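Engineer: 3D model of this:
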Amino acid sequence: MEREVKFLVPSWRQGETLLSGASGRIREARYREVNSLFDFPDGSLRAKGQALRVRRARGVAWITLKEPAPGDGRLKHRNEYESAVADATAIEGILCALGMSEQFRYEKYRQVYDLGDLEACLDETPIGCYIELEGSAESVNDVVARLGLSMDDGIVLSYPDLYEGHRRRFAEAPPFMVFPDEEVRS
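Structural biologist: Down below sits the predicted model:
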């Protein structure tokens with residue numbers, strides 16, 4: 001069961017300052033991550049609130065199925081099934097042979113922190129920097145208070161949904177949420 005919430009932060013540096021100030025320990029230093037969402041041409045997975053993702057990062061790949069997130073609470077929670085895969089290109093080929101195609105791609109630079117029993121991720125995306133907290137509701141509420149944030153500012157939208165809103169505001173934005181070839185650091 002995934003339980004998470006995101007918070008927009010002004011910059012990567014300020015996100016690092018917040019997390020280290022709350023006694024966060026870096027578990028995984030900054031790395032680039034590429035995520036591809038697959039669906040059938042009719043968008044039936046998305047229509048059901050599901051997401052099928054192939055993720056690549058640090059020379060490893062995973063396939064993940066996310067089930068619908070019930071309700072409109074302050075903390076997103078939903079079942080997720082994930083497995084490491086030996087060959088992401090082969091998995092993508094299998095999905096395409098089954099009639100699916102890549103419907104959306106998004107990238108981020110991520111740094112993972114441990115804060116007690118909670119995982120915190122500092123994410124730099126093409127549309128801003130976010131702190132993502134994942135853990136029990138009690139742990140999330142505790143860390144939000146330690147960070148000096150408010151659950152009223154929490155975001156339960158996925159990165160694809162956030163980017164969809166961005167594209168409505170900026171029609172010239174590319175169809176996928178990806179960085180230019182050179183690394184960006186806010």
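
Engineer: not counting its neighbours along the chain, what's nearest residue 56?
Structural biologist: Distances taken as CB to CB, 6 or more residues apart in numbering place residue 34 nearest to residue 56, at 4.7 Å, with adjacent residues excluded. Quick note: C-beta positions are derived from backbone N, CA and C, even for glycine.

Engineer: in this structure the one you found contacts residue 58, no?
Structural biologist: No: counting by CB atoms under 8 Å, no contact exists between residue 34 and residue 58, whose distance comes to 11.0 Å.

Engineer: quick one, what contacts the residue most central in space within the chain?
Structural biologist: In the chain, the residue lying closest to the centroid (CA atoms, centre = their mean) is residue 159, at 5.7 Å. Residue 159 sits next to 35, 106, 108, 125, 177 when contact means CB atoms under 8 Å, 6 or more residues apart in numbering.

Engineer: run through the bridge partners of the third one.
Structural biologist: Same thing as residue 108. Assessed by DSSP bridges, residue 108 has beta-bridge partners residue 33.

Engineer: my guess is it meets residue 124, correct?
Structural biologist: Yes: with contact defined as CB under 8 Å, residue 108 counts as touching residue 124 (6.2 Å).

Engineer: and the helices in the protein?
Structural biologist: Assigned by DSSP state H, the chain shows helices spanning 12-21, 44-47, 88-97, 137-146, 159-169.

Engineer: how about TSV for these, with mean pLDDT and distance to residue 120 added?
Structural biologist: Shown next, in TSV, are the helices of the chain (pLDDT from 0 to 100; distance: least, CB to CB, whole Å):
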stretch	mean pLDDT	distance to residue 120
helix 12-21	97	6
helix 44-47	96	28
helix 88-97	97	26
helix 137-146	93	7
helix 159-169	96	16
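
Engineer: which one of those lies nearest to residue 6?
Structural biologist: Ranking these by distance to residue 6, with CB to CB as the measure, places helix 159-169 first at 8.2 Å.

Engineer: for that closest one, C-alpha coordinates in CSV please.
Structural biologist: Extracted as CSV, the C-alpha positions of helix 159-169 are listed here (Å, rounded to 0.1, in the frame of the first residue of the first chain):
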residue,chain,number,x,y,z
TYR,A,159,3.5,13.8,-11.8
PRO,A,160,1.6,13.0,-15.0
ASP,A,161,-1.5,14.8,-13.6
LEU,A,162,0.6,17.8,-12.4
TYR,A,163,2.1,18.0,-15.9
GLU,A,164,-1.3,17.8,-17.5
GLY,A,165,-2.2,20.9,-15.5
HIS,A,166,1.1,22.6,-16.6
ARG,A,167,0.3,21.9,-20.2
ARG,A,168,-3.1,23.5,-19.9
ARG,A,169,-1.4,26.7,-18.6
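
Engineer: quick one: buried residues of it?
Structural biologist: 159, 160, 162, 163 (16 or more other CB atoms under 10 Å).
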